[in-house]
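J.: Coordinates for the following, if possible.
(one chain, ligands or ions: 1)
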Amino acid sequence: MNKLADIGLIGLAVMGENLVLNMESKGFSVAVYNRSTDKVDKFIQGRGAGKNIKGTHSVKELVAALEKPRKVMMLVKAGDPVDSFIDQIIPHLEKGDIIIDGGNSNFTDTIRRTEYVESKGFQFIGTGVSGGEIGALRGPSMMPGGSKEAWPHVKEIFQSVSAKVDGGVPCCDWVGADGAGHYVKMIHNGIEYGDMQIITEAYQFMKDVLKMDYDEMHETFKKWNTGELDSYLIEITADILAYKDEDGAPMVEKILDTAGQKGTGKWTGIEAMHLGVPLTLIAESVFSRFLSAQLDLRDQASQVFQAPEITFEGDKEEMLENLKMAVYGAKLISYAQGYNLLMEASKEYNWDLKYGDIALMWRGGCIIRSAFLGDIKKAFDKNPSLPHLLLDDFFKEKVQKAQPGWRKVCAVAVTNGIPVPSLSASLAYFDGFRSKRLPANLLQAQRDYFGAHTYERTDRPRGEFFHTNWTGEGADTVSTAYNS
Ligand code: NBP
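T.: Got it, this is the predicted structure:
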């Protein structure tokens, strides 16, 4: 490769290698670099052999190999390595050059980095890249945000390599300023945590309550994948449940029940707390992984506490249909809560997010692609100021339909001691969401009783605050901290 490359990529691990091959296959020339330079040579001699890819052995050499404006994309471990590479790249750039971070960076870091790189006279893009190894190779969903002026320079490359749906619509579009792209990727990952947790609860319910074997469970998930639950995660679950180890036993049975995580679900939960959004399903999914990781504690507790005897004598097929509705209902809540957070974030960080377009970006190439993403787009097209997804007619009707079965599943699970944190937390959220009056009146009374935190009254206008001397011993002084 003699001419200058269209784009440079740092980080030849799973994501980087595959995205480079994807870019090259779409006609772009790529220069590559990796901290451990032996991986550059290995790649150039291996999967990259004979392709329009140039290996380099320093950041300086990489940047010098690029067409202007230079586009240097990093796909390295999130955190300090990203800052370190930014500082290594900057001395070699010229005005208008672009640094791109395609890793799973925290959006607050991306906000900071955009400001920093722009202050040096360059442009910065933080982009979510979803779809794992196969997505990176064949077409990921990409969610770019950052310096808006940089977008026209990378648009063609990004949209060419991204997944396509509906005969060619790219699953990639500009999301918004500074950290918006990484924020949307964070919500995407949070929803992914939720979807995965919902499915694992359905699996346990099938196995322990309905006493289904692996072949039956495989068939059920396969069937579910042909209807309204059609999604990537349901599809791979069907495959996983059919997979047998060398001795013929289901592979899943041999996997230790302790879940790992890289942090994006946790960030979503923390962000929901920060913005005051009830994101209960995703939060429960993160906590469920933590609980699974407390393996030794659970082992001890299992010897102390007797589980209730599982007694299900109802109609299995009917209960399976209920379970399907529970999964669907919980999934609707998960997306509705995720969108609730996106809407608050858009206001908080001045991003003007295009909610419908975001759903379209998730339709291909990514882990949470599923049947009703198109309906989210329709909901926001119909009403751009829709306050909550559940108030759209499609979602209202679907959640209503799911209710009866969903309630039965939660009741049976609770009676039989089967944990269903995401199915039950989402149902509790729904019941709270549709309640005109919640018992927070008593809570406000308690706060006023012990801390003179005041309360508002149902028979007075909002914004007037009252305090009661509940014990007769308090004074008239009230706390100023009504809301935090
Ligand atoms: P990893 O997250 O495992 O990172 C490996 C890369 O980071 C290698 O190039 C490695 O260089 C480099 N690196 C590390 Br580790 N520590 C470094 C340091 N201190 N300084 C400089 N470079 C360092 O790779 P990945 O799984 O391909 O993911 C890349 C990014 O994409 C991450 O942010 C990840 O969260 C995100 N992501 C991953 C997936 C997935 O399915 N894997 C999906 C979506 C997004 P070395 O070779 O010299 O050690």
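J.: what's the model's confidence in stretch 319-336, averaged?
T.: Stretch 319-336 carries an average pLDDT of 97.
J.: centre of the chain versus that stretch, how much separation?
T.: Distance of stretch 319-336 from the chain centroid (CA atoms, centre = their mean, to the nearest Å) equals 18 Å.
J.: swap in stretch 411-430?
T.: 22 Å.
J.: Report the mean per-residue pLDDT for it.
T.: Average pLDDT, stretch 411-430: 98.
J.: go on, stretch 237-244?
T.: Stretch 237-244 carries an average pLDDT of 98.
J.: Show the pLDDT at the closest residue to the ligand within the stretch 1-150 of the chain.
T.: At 2.5 Å from the ligand, residue 103 is the closest residue in the stretch 1-150 of the chain, using CB to the nearest ligand atom. Any C-beta I mention is one placed from the backbone N, CA and C, and that applies to glycine too. pLDDT, residue 103: 96.
J.: Enumerate the residues of the stretch 201-350 of the chain near the ligand.
T.: Taking CB under 6 Å from any ligand atom as the measure of proximity, the stretch 201-350 of the chain contacts the ligand at residue 262.
J.: What segments of the stretch 201-350 of the chain are helices?
T.: 214-224, 232-242, 264-275, 280-293, 295-304, 316-348 (DSSP state H, counting those that start in this stretch).
J.: Including mean neighbour count, could those go into JSON lines?
T.: Compiled in JSON lines, the helices of the stretch 201-350 of the chain are given as follows (neighbours: other CB atoms under 10 Å):
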{"stretch": "helix 214-224", "mean neighbour count": "18"}
{"stretch": "helix 232-242", "mean neighbour count": "19"}
{"stretch": "helix 264-275", "mean neighbour count": "20"}
{"stretch": "helix 280-293", "mean neighbour count": "21"}
{"stretch": "helix 295-304", "mean neighbour count": "10"}
{"stretch": "helix 316-348", "mean neighbour count": "22"}
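J.: so which of these gets nearest residue 364?
T.: helix 232-242 (9.6 Å; CB to CB).
J.: before we move on, the earlier item: TSV for the helices of the stretch 201-350 of the chain, including distance to residue 374?
T.: Converted to TSV, these look like this (distance: least, CB to CB, whole Å):
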stretch	distance to residue 374
helix 214-224	19
helix 232-242	15
helix 264-275	23
helix 280-293	21
helix 295-304	40
helix 316-348	12
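J.: For residue 179, which of those is the nearest?
T.: Nearest of the helices of the stretch 201-350 of the chain (CB to CB): helix 316-348, 9.4 Å.
J.: so what secondary structure elements neighbour the closest one?
T.: Judged by 3 or more CB pairs under 8 Å, 6 or more residues apart in numbering; DSSP states H and E, helix 316-348 is in contact with helix 180-204, helix 214-224, helix 264-275, helix 280-293, helix 355-361, helix 393-415, helix 421-433.
J.: Can you point out the buried residues in the first one?
T.: Just to be clear, that refers to helix 180-204. With burial defined by 16 or more other CB atoms under 10 Å, the residues of helix 180-204 counted as buried are 180-203.
J.: tilt between that helix and helix 421-433?
T.: 110 degrees (axes from the mean of the first three to the mean of the last three CA atoms, to 10 degrees).
J.: so what does helix 180-204 touch, helix or strand wise?
T.: Helix 180-204 sits against helix 107-119, strand 123-130, strand 141-146, helix 232-242, helix 264-275, helix 280-293, helix 316-348, helix 421-433, with contacts defined as 3+ CB pairs under 8 Å, 6+ apart.
J.: tell me the phi and psi of the residue nearest to the residue of the stretch 1-150 of the chain closest to the ligand when sequence neighbours are not counted?
T.: With sequence-adjacent residues excluded and distances taken as CB to CB, 6 or more residues apart in numbering, residue 103 is closest to residue 78, at 4.6 Å. Main-chain dihedrals, residue 78, degrees, to the nearest 10: phi -70, psi 150.
J.: give the contact list for residue 78.
T.: 103, 104, 105, 106, 109 (CB atoms under 8 Å, 6 or more residues apart in numbering).
J.: Could you tell me the model confidence score at it?
T.: Residue 78 is given a pLDDT of 94.
J.: got the phi/psi numbers for the residue in the stretch 351-484 of the chain positioned nearest to the ligand?
T.: With CB to the nearest ligand atom, the shortest gap between the stretch 351-484 of the chain and the ligand falls at residue 367, namely 8.6 Å. In terms of degrees, to the nearest 10, the main-chain angles of residue 367 are phi -70, psi -30.
J.: Residue 128 is in contact with that one, correct?
T.: No. If you go by CB atoms under 8 Å, residue 367 and residue 128 don't touch, sitting 11.5 Å apart.
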